[in-house]
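Student: give me coordinates for this.
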Amino acid sequence: MYAIPLGDDGAELRPLEPWHAEEFLAHLDRGREFINRYVPFGSRATDVPSARQLLQDYADRRAADTASLHGLWLAGKLVGGVLTLNCDARGGTCEVGCWLEPAGTGRGLVTRAMRVLIDWLVEQRGIHRVEWVAAADNLPSLNVARRLGMTRDGVRREAYLHHGVRQDLEVWSVLAPEWRAARAGAARHDR
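Tutor: Numbering: from 1, shown residues only. You can find the predicted model right below:
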């Protein structure tokens, strides 16, 4: 369908669809413990049928215009992804998120992919407010929000139960006018 190059390192953003179930499961198996520290959806996919079902659930949510799932490939190997969830096109709001296996970390993949995804949300879908919600101790995720120019809106204290522990969630956001201004400034700087 599409493959959007994310740089000179062979990184690509592509749809992540039900027919990727085996590749998706292999990716999760390589990074399951690392991914599941903060992202629980990978724990639902433990064999090919459950991986296919998780991907089908997101395909159905994409068809309903409430969520989407996109894979990050590095040199032809699935190493993570970015997603939208809780999308409300009429209200102009959407949450974004990400996950990576260890082989994909430290390369700026999520930041690069998220710029493409947020550009699409703002410019093509007309989303006014893009949110990033992450556990308060998930510093790599919070650093992505910072690099994207998002503003920290606040903390939802002990709002998320994960592995039997209540975690604080930080909420970050960027508004469409802020995103456009930052992108225009970056374009002027690159000239």
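
Student: residues near the nearest residue to T111 once chain neighbours are set aside, how many?
Tutor: Residue nearest to T111 in three dimensions, not counting chain neighbours: R147, with 5.0 Å by Cβ to Cβ, 6 or more residues apart in numbering. Bear in mind the C-beta positions are built from the backbone N, C-alpha and C, glycine included. R147 has 14 neighbouring residues, counting by other Cβ atoms under 10 Å.

Student: going forward can the numbers begin at 8, since that is how I track them
Tutor: Fine by me, first position is 8 from now on; the one you just mentioned is R154.

Student: need phi/psi at R154.
Tutor: phi -60, psi -30 (degrees, to the nearest 10).

Student: where do the helices sit along the chain?
Tutor: Assigned by DSSP state H, the helices in the chain fall at 28-42, 55-70, 116-126, 146-154, 183-197.

Student: just the ones you listed: most buried one?
Tutor: Among the helices of the chain, helix 116-126 has the highest mean neighbour count (mean count of other Cβ atoms under 10 Å), at a mean of 21.

Student: which residues touch that helix?
Tutor: 11, 13-14, 18, 20, 77, 79, 81, 86-87, 89, 91, 103, 105, 107, 137, 151, 154-155, 181, 186, 190 (Cβ atoms under 8 Å, 6 or more residues apart in numbering).

Student: same thing but at 7 Å, please
Tutor: Identification of contacts with helix 116-126 by Cβ atoms under 7 Å, 6 or more residues apart in numbering yields 11, 13-14, 18, 20, 77, 79, 81, 87, 89, 103, 105, 107, 137, 151, 154-155, 186.

Student: filter these down to the buried ones.
Tutor: Buried members of these, counted by 16 or more other Cβ atoms under 10 Å: 13, 18, 20, 77, 79, 81, 87, 89, 103, 105, 107, 137, 151, 155, 186.

Student: so what pairs up with the fifth one in the strands?
Tutor: This points to L79. On the basis of DSSP bridges, L79 is bridged to L20, G87.

Student: got a list of what it touches?
Tutor: Each residue near L79 by Cβ under 7 Å, 6+ apart is listed here: 18, 20, 86-89, 111, 116, 120.

Student: same deal with the first one?
Tutor: L13 makes contacts with 19-20, 116, 119-120, as judged by Cβ under 7 Å, 6+ apart.

Student: in JSON lines: the helices of the chain, plus mean pLDDT and distance to G171.
Tutor: Output for the helices of the chain, formatted as JSON lines (pLDDT from 0 to 100; distance: least, Cβ to Cβ, whole Å):
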{"stretch": "helix 28-42", "mean pLDDT": "93", "distance to G171": "16"}
{"stretch": "helix 55-70", "mean pLDDT": "95", "distance to G171": "22"}
{"stretch": "helix 116-126", "mean pLDDT": "96", "distance to G171": "27"}
{"stretch": "helix 146-154", "mean pLDDT": "95", "distance to G171": "21"}
{"stretch": "helix 183-197", "mean pLDDT": "81", "distance to G171": "37"}
